[in-house]
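Undergrad: with the input below, show me the fold.
(one chain, ligands or ions: 1)
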Amino acid sequence: MVSERELLQSVPTQLWIGGPVDAEGGATFPVHNPANGEVLIQVADASPQDAVRALDAAVAVQGEWAATPARQRGEILRAVFEQITARAEEFALLMTLEMGKALPESRNEVRYGAEFFRWFSEEAVRVHGRYLHAPSGTGRIMVHKQPVGPCLAITPWNFPLAMGTRKIGPALAAGCTMIVKPASETPLTMLLLAELCQDAGLPEGVLSVITTSRSGAVTGPLLEDPRLRKLTFTGSTEVGKKLVQQSAHGLLRTSMELGGNAPFVVFDDADVDAAVQGAMLAKLRNGGEACTAANRFHVQNGVLEEFTAKFAEAMTNSVTMGPGIDPETTLGPLINEDQLTTVGELVDDAVAAGARVRLGGKAPGGPGWFYPATILSDVPPQARILREEVFGPVAPIVGFETEEEGLAAANDTEFGLVAYVYTRTLDRALRVAEGLESGMVGVNRGVISDPAAPFGGVKASGFGREGGIEGIEEYLSTKYIALT
Ligand code: NAP
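TA: Okay, the predicted model is just below:
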């Protein structure tokens, strides 16, 4: 396995615009290691002009890339999948260094993230149209799908690889060029991916990566440029709303994968041990820093105490907090000090309102942004933690009496990304799954993400889908050709 030092010496740190290039004036910004707060490395700090250079490059090759046979595009995507897989340990270590997550989490993300290239290498050749006679007999109707054109992807820090590959895979498969602006906390993984894509045969200019400490200033000119045709964003609802407003200027196609506040509902008839296992995954995957993380647990009163006690026992027995690169670590640090403060405030607010701390509940202090696995029971309805996205390893638990009450509590949120339900009754599973106001529902499952399934939300969690056969549609426009 490559060492930390070797990796940091070899990882690209310049902008990637047809290859490595310096930012205007050689500007850089620091990337920190969340496990100790220290500076890991300096990375190119793009200016607005640099971003326009990336768009120039994307526009220059858009026609050629769209005209490249779909089979050839698919084979390049497949080669990228193979190369990420071959270099999985490098990607995993890099993500752990810049984002903090435990190495096993990073390895899982590499597998998940790479899979979007394999899936969309297969979808590239399955873009179909339609041909029919007009019912009126006046002619023929041909429906044809074409790439939307140059795209901008803005991605968050929590899954530095997969949030990019979920967008790059379908865009490239559809024949679009793309500029990625990764989060300033985790720019390295995307730069390494861009280099790897070029090694795998992706033509220059098809994929650019611009890293910057001034997101708004740098993406603003792109959103105003009529040559850009699509914005795809994953991040907070607050920033997503701003970007939708900005993209109105050019009437851009948009996909918005925004924040979540997932309910995890356990009914009296559930297999409680299976529910606890599912809860561990839904809460602790990625240290709780996932849009799909179970944010609040609604448990029917008949199994409330059993579930709470077993959940606390499972967390006590299987969570080891520490720097992500330590082999025994299962829970790494949070991303930064702001996030540590937010998580602490949400817990303190709940406790002040009457919640009971069953496990954890206090940051250990010291270097790094660590917060322990925490369980709160008897959480009162007014606690902020039930309404706001926690983005940390904290599980607030609330009881409910009837199915109607449980469903109403689960839906009592502005968000609608994912919901989880545990029950052994098929009738109830289907009834509740249909009644939950979310884009995705896990039934007796604590992890639902799958490149072959359409991922996305409703309400304040956004619109558009990534993965599945739906994912590529986000990058295609429909043309109707009328024939005699
Ligand atoms: P964020 O603050 O919204 O940032 C996301 C991205 O937007 C980053 O690249 C950020 O750059 C950039 N950005 C911020 N302000 C911008 C502006 N004015 N103009 C252009 N770009 C701007 O979100 P985050 O804290 O990184 O990520 C956590 C959020 O993402 C959570 O709410 C989570 O639920 C959501 N998320 C959703 C999904 C999903 O699929 N629905 C998946 C993962 C995460 P900087 O880094 O430079 O600020």
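Undergrad: quick one, what contacts residue 435?
TA: 407, 411 (CB atoms under 8 Å, 6 or more residues apart in numbering). In this view, the C-beta of every residue, glycine as well, is placed from N, C-alpha and C.
Undergrad: for it, phi and psi?
TA: Dihedral angles of residue 435 (phi, psi; degrees, to the nearest 10) stand at phi -80, psi -20.
Undergrad: again with residue 197
TA: The phi/psi pair for residue 197 (degrees, to the nearest 10) reads phi -60, psi -40.
Undergrad: residue contacts, residue 438?
TA: So residue 438 contacts 262, 416-419, 457-458, 461 (CB under 8 Å, 6+ apart).
Undergrad: now with 10 Å?
TA: Contacts here follow CB atoms under 10 Å, 6 or more residues apart in numbering; on that basis residue 438 touches 260-263, 410-411, 413, 415-420, 457-459, 461.
Undergrad: and the ligand, which of the residues you listed reach it?
TA: Within the set of the contacts of residue 438, contact with the ligand (CB under 6 Å from any ligand atom) is found for 260, 417, 457, 461.
Undergrad: strands - which of the residues you listed land there?
TA: Members of these lying in strands (criterion: DSSP state E): none.
Undergrad: can you pick out the most distant pair from these?
TA: Greatest spatial distance among these (CB to CB): 260 and 457, at 6.9 Å.
Undergrad: anything in contact with each of those two?
TA: 237, 291-292, 415-418, 438-440.
Undergrad: and which of those residues is nearest the ligand?
TA: The closest of the shared contacts of residue 260 and residue 457 to the ligand turns out to be residue 291 (CB to the nearest ligand atom; 3.2 Å).
Undergrad: list the contacts for the closest one?
TA: 156, 158-159, 163, 234-236, 257-262, 389, 391, 415, 417-418, 449, 455, 457, 461-462.
Undergrad: repeat for residue 218
TA: 23, 45-52, 54, 181, 210-212.
Undergrad: could you say which helix or strand holds the residue nearest to the spatial centre of the chain?
TA: Within the chain, one residue has its C-alpha closest to the average C-alpha position: by CA atoms, centre = their mean, that is residue 163, at 4.3 Å. Taking DSSP states H and E as the definition, one finds residue 163 inside helix 162-174.
Undergrad: just the buried positions in stretch 415-427, please.
TA: 415-423 (16 or more other CB atoms under 10 Å).
Undergrad: switch the contacts of residue 218 over to CSV; also include neighbour count, secondary structure and distance to the ligand.
TA: Shown next, in CSV, are these (neighbours: other CB atoms under 10 Å; DSSP: H, G, I helix; E, B strand; the rest coil; distance: CB to the nearest ligand atom, whole Å):
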residue, neighbour count, secondary structure, distance to the ligand
23, 22, coil, 14
45, 23, coil, 10
46, 30, coil, 11
47, 20, coil, 14
48, 17, helix, 12
49, 12, helix, 17
50, 23, helix, 14
51, 26, helix, 11
52, 16, helix, 15
54, 29, helix, 14
181, 25, strand, 6
210, 31, coil, 11
211, 29, coil, 9
212, 25, coil, 7
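Undergrad: and residue 135, how many residues sit next to it?
TA: Neighbours of residue 135 under the rule other CB atoms under 10 Å: 7.
Undergrad: tell me the confidence at the closest residue to the ligand within the stretch 1-150 of the chain?
TA: Distances between the stretch 1-150 of the chain and the ligand by CB to the nearest ligand atom are smallest at residue 29, namely 9.4 Å. Listed pLDDT for residue 29 reads 98.
Undergrad: and it, that one's in a helix?
TA: No: counting by DSSP: H, G, I helix; E, B strand; the rest coil, residue 29 is not part of a helix but strand.
Undergrad: beta partners for it?
TA: Beta-bridge partners recorded for residue 29 (DSSP bridges): residue 43.
Undergrad: report the separation between it and residue 39.
TA: 10 Å (CB to CB, to the nearest Å).
Undergrad: how near is residue 445 to residue 420?
TA: Taken as CB to CB, the span from residue 445 to residue 420 is 7 Å.
Undergrad: shared neighbours, those two?
TA: In contact with both residue 445 and residue 420: 278, 281-282, using CB under 10 Å, 6+ apart.
Undergrad: quick check: residues of this structure near the ligand?
TA: So the chain meets the ligand at 154-158, 163, 181, 183-185, 215-216, 219, 234-236, 239, 242, 257-260, 291, 389, 417, 457, 461 (CB under 6 Å from any ligand atom).
Undergrad: closest residue of the chain to the ligand?
TA: residue 235 (2.7 Å).
Undergrad: so what's that residue up against?
TA: Counting by CB under 10 Å, 6+ apart, residue 235 has contacts 154-158, 163, 183, 215, 243, 256-259, 291, 462.
Undergrad: show the pLDDT at it.
TA: For residue 235, the model assigns a pLDDT of 98.
Undergrad: for it, grab phi and psi.
TA: Dihedral angles (degrees, to the nearest 10) for residue 235: phi 170, psi -160.
Undergrad: now the one 5 residues further on
TA: Here the main-chain torsion angles of residue 240 (degrees, to the nearest 10) amount to phi -60, psi -40.
Undergrad: of the contacts of residue 218, just say which sits nearest to residue 323.
TA: Residue 323 lies nearest to residue 211 out of the contacts of residue 218, by CB to CB, at 24.1 Å.
Undergrad: so that closest one makes contact with residue 46?
TA: Yes: the criterion here is CB atoms under 10 Å, and residue 211 meets it with residue 46 at 6.2 Å.
Undergrad: which residues are in contact with each of these two?
TA: When CB under 10 Å, 6+ apart defines a contact, the residues bordering residue 211 and residue 46 alike are 15, 23, 29, 181, 187, 218.
Undergrad: which SSE is the last one in?
TA: With the criterion set as DSSP H and E, the secondary-structure element containing residue 218 is helix 215-224.
Undergrad: would you mark the buried spots in that helix?
TA: Applying 16+ other CB under 10 Å to helix 215-224 flags 215, 218-219, 222-223 as buried.
Undergrad: what's the pLDDT at residue 1?
TA: At residue 1, the pLDDT recorded in the model is 74.
Undergrad: I misspoke; the intended subject was residue 366.
TA: 83.
Undergrad: what sits against it?
TA: 36-37.
Undergrad: repeat that for the one 10 residues further on.
TA: In this structure, residue 376 makes contact with 296-297, 308, 346-347, 350-351, 355-361, 383, 385, 394-398, judged by CB under 10 Å, 6+ apart.
Undergrad: only the buried subset of those, as a ChimeraX command please.
TA: To isolate the buried members of the contacts of residue 376 in ChimeraX, using 16+ other CB under 10 Å:
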select :296,297,308,346,347,350,351,355,358,359,360,361,383,385,394,395,396,397,398
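Undergrad: tell me the buried residues in stretch 395-410?
TA: For stretch 395-410, by 16+ other CB under 10 Å, it's 395-400, 403, 406-407, 409-410.
Undergrad: in strands only, show me those residues.
TA: Per DSSP E, these map to strands at 395-400.
Undergrad: report how many residues lie close to residue 67.
TA: 9.
Undergrad: surely it touches residue 203?
TA: No: with contact defined as CB under 10 Å, residue 67 does not count as touching residue 203 (11.6 Å).
Undergrad: returning to that earlier point: can you put the contacts of residue 218 in CSV and add distance to residue 124?
TA: Output for the contacts of residue 218, formatted as CSV (distance: CB to CB, whole Å):
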residue, distance to residue 124
23, 33
45, 34
46, 29
47, 34
48, 33
49, 33
50, 30
51, 27
52, 29
54, 23
181, 24
210, 25
211, 28
212, 30
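Undergrad: which one among the residues you listed gets closest to residue 146?
TA: When those are compared against residue 146 (criterion: CB to CB), the nearest one is residue 54, at 22.5 Å.
Undergrad: having no further points to raise, I will conclude here.
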